[in-house]
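Peer 1: could you look at this predicted model? Sequence included:
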Amino acid sequence: MALSLALTCSATLAAREPVADDVGRDALDVSALAVSAERVYVGSFDAGLYVLEHDGALHPVQDPALDPNVNALAWSERERTLWVGTARGLARCPAAGACTRLGPEAAVHALLVTASGALVAGGDAGVTFIEHGELRTFGKKDGAPFRSVWALAEDGDRLFAGTTSGLFWGAPTAFSRAHAELGRAAVVLNTLPDDWVTGLAYRDGTLTVGTYSAGIAVLGATAMALEPSALDPAPGYVNPAGVVALDGGCLALATMDGLRVGAPNHTHTVPTRTRDVTAFVPDPRGGFWIGTRAGVEFWNGACAALE
């Protein structure tokens with residue numbers, strides 16, 4: 001069902017905004033963010049991982065298991081662990097302890113900590129599952145109908161994987177064998193405007209799909225299938241992990257042309273220091289952290305539905 005509410009966004013940048021805009025002489029080029037109750041973890045495109053304390057202090061994380069090119073971050077509160085997806089693979093970094101590398105040595109583009117506590121990583125090797133100390137990967141060489149995975153989301157017993165050849169979904173166990181019975185949405189099926197899926201967000205029976213060059217698609221997630229509901233080309237190029245579902249049917253979209261907030265076909269841009277917005281994550285104390293190609297900003301705005 002298409003969203004019918006128009007939404008507006010009341011936005012101001014809080015006093016904490018210029019917190020990570022200077023690393024040496026250059027601005028930190030942010031690629032990913034993750035937030036715990038104590039701090040913000042900041043990944044960069046070429047300068048590695050940083051920790052941003054709530055007092056504004058920014059510290060680099062130096063660990064031989066980490067790569068300078070950070071693509072994705074995910075914090076597990078249950079395990080007190082930061083998961084780091086890099087150009088050379090996946091790293092597990094406990095809050096107290098050294099990082100270790102796990103899984104295939106291939107670029108990781110997306111991370112998901114599931115409701116059950118499992119970790120799912122998507123990347124050039126396919127989909128990697130880590131749970132209860134066990135690791136398994138499902139990729140092209142295992143018979144997967146896709147190659148590179150760039151986005152992940154879950155809905156109860158279903159896993160959604162956004163790839164360079166469309167959106168695939170099914171039970172996590174279906175991502176494990178050749179000729180798996182996976183559902184698919186794609187341009188050729190008239191269900192997506194672009195086959196390169198870069199962002200996914202599920203909430204209340206609706207899956208929002210961000211694409212590399214054609215904005216977003218909204219799909220109704222029924223028990224058996226995904227039904228096209230709305231298209232919004234206005235966001236244009238949606239960055240990896242750039243779709244976040246907020247309350248009241250509102251979306252936050254991190255795009256190459258700014259941070260857009262609102263409902264599909266009713267979004268508007270929130271001012272940031274640079275146009276290319278690469279990450280958007282909620283802070284458990286309220287507000288949201290924004291990653292850009294020119295550092296980190298804090299936004300204390302909110303979306304409000306207009307009847």
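Peer 2: Sure thing, it's come through.

Peer 1: what's the burial count for the nearest residue in space to Phe146 that is not next to it in sequence?
Peer 2: Nearest residue to Phe146, sequence neighbours excluded (C-beta to C-beta, 6 or more residues apart in numbering): Thr163, at 3.9 Å. Every C-beta, even on glycine, is put in place using the N, C-alpha and C of the backbone. By the criterion of other C-beta atoms under 10 Å, Thr163 has 25 neighbours.

Peer 1: same question, Leu49
Peer 2: For Leu49, the tally of surrounding residues (other C-beta under 10 Å) stands at 26.

Peer 1: what do you get for Asp247?
Peer 2: 10.

Peer 1: right, and it touches Ala263 too?
Peer 2: No - Asp247 is beyond contact range of Ala263, at 11.9 Å (criterion: C-beta atoms under 8 Å).

Peer 1: quick one: the strands in the stretch 101-250 of the chain?
Peer 2: 108-113, 119-123, 126-131, 134-138, 149-155, 158-163, 166-170, 183-185, 197-203, 206-211, 216-221, 226-232, 238-245 (DSSP state E, counting those that start in this stretch).

Peer 1: could I get the ones you listed as a markdown table with distance to Val84?
Peer 2: Below are the strands of the stretch 101-250 of the chain laid out as a markdown table (distance: least, C-beta to C-beta, whole Å):
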| stretch | distance to Val84 |
| --- | --- |
| strand 108-113 | 8 |
| strand 119-123 | 10 |
| strand 126-131 | 13 |
| strand 134-138 | 16 |
| strand 149-155 | 15 |
| strand 158-163 | 20 |
| strand 166-170 | 24 |
| strand 183-185 | 29 |
| strand 197-203 | 19 |
| strand 206-211 | 22 |
| strand 216-221 | 27 |
| strand 226-232 | 30 |
| strand 238-245 | 13 |
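
Peer 1: okay if I get those as CSV plus distance to Trp83 and mean pLDDT?
Peer 2: Below are these laid out as CSV (distance: least, C-beta to C-beta, whole Å; pLDDT from 0 to 100):
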stretch, distance to Trp83, mean pLDDT
strand 108-113, 5, 98
strand 119-123, 6, 98
strand 126-131, 9, 96
strand 134-138, 13, 95
strand 149-155, 12, 97
strand 158-163, 16, 97
strand 166-170, 22, 96
strand 183-185, 26, 95
strand 197-203, 17, 97
strand 206-211, 21, 97
strand 216-221, 25, 95
strand 226-232, 27, 93
strand 238-245, 13, 97
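
Peer 1: of those, which is nearest Phe280?
Peer 2: strand 238-245 (5.2 Å; C-beta to C-beta).

Peer 1: now stretch 278-289: buried residues?
Peer 2: 278-281, 283, 288-289 (16 or more other C-beta atoms under 10 Å).

Peer 1: what about those residues, which are in helices?
Peer 2: Nothing among the buried residues of stretch 278-289 maps onto helices, per DSSP state H.

Peer 1: where in the stretch 1-150 of the chain is pLDDT low?
Peer 2: For the stretch 1-150 of the chain, the stretches flagged by pLDDT under 70 are 1-26.

Peer 1: circling back: which of the buried residues of stretch 278-289 sits closest to Leu253?
Peer 2: Phe280 (8.1 Å).

Peer 1: with Arg78 as the reference, measure out to that closest one.
Peer 2: For Phe280, the distance to Arg78 equals 23 Å [C-beta to C-beta, to the nearest Å].

Peer 1: now do Glu105
Peer 2: Distance from Glu105 to Arg78, counting by C-beta to C-beta: 27 Å.

Peer 1: Asp29 too?
Peer 2: Counting by C-beta to C-beta - Asp29 and Arg78 are separated by 31 Å.

Peer 1: for the two, indicate the residue with more neighbours.
Peer 2: Set side by side, Asp29 and Arg78 show more neighbours around Asp29, with 19 against 9, by other C-beta under 10 Å.

Peer 1: tally of neighbours for the residue nearest to the more buried one when sequence neighbours are not counted?
Peer 2: Nearest residue to Asp29 in three dimensions, chain neighbours excluded: Phe45, at 4.6 Å (C-beta to C-beta, 6+ apart). Counted with other C-beta under 10 Å, the neighbours of Phe45 add up to 17.

Peer 1: would you pull up how far the host helix or strand of Val296 lies from the middle of the chain?
Peer 2: Remark: Val296 resides in strand 295-299, with elements defined by DSSP states H and E. Here the centre of strand 295-299 is set off from its chain's centre by 17 Å, with C-alpha atoms, centre = their mean, to the nearest Å.

Peer 1: and the residue nearest the centre of the chain, how far from Ala110?
Peer 2: Nearest to the mean C-alpha position of the chain, by C-alpha atoms, centre = their mean, lies Ala241 at 2.2 Å. Distance, Ala241 to Ala110, by C-beta to C-beta: 7 Å.
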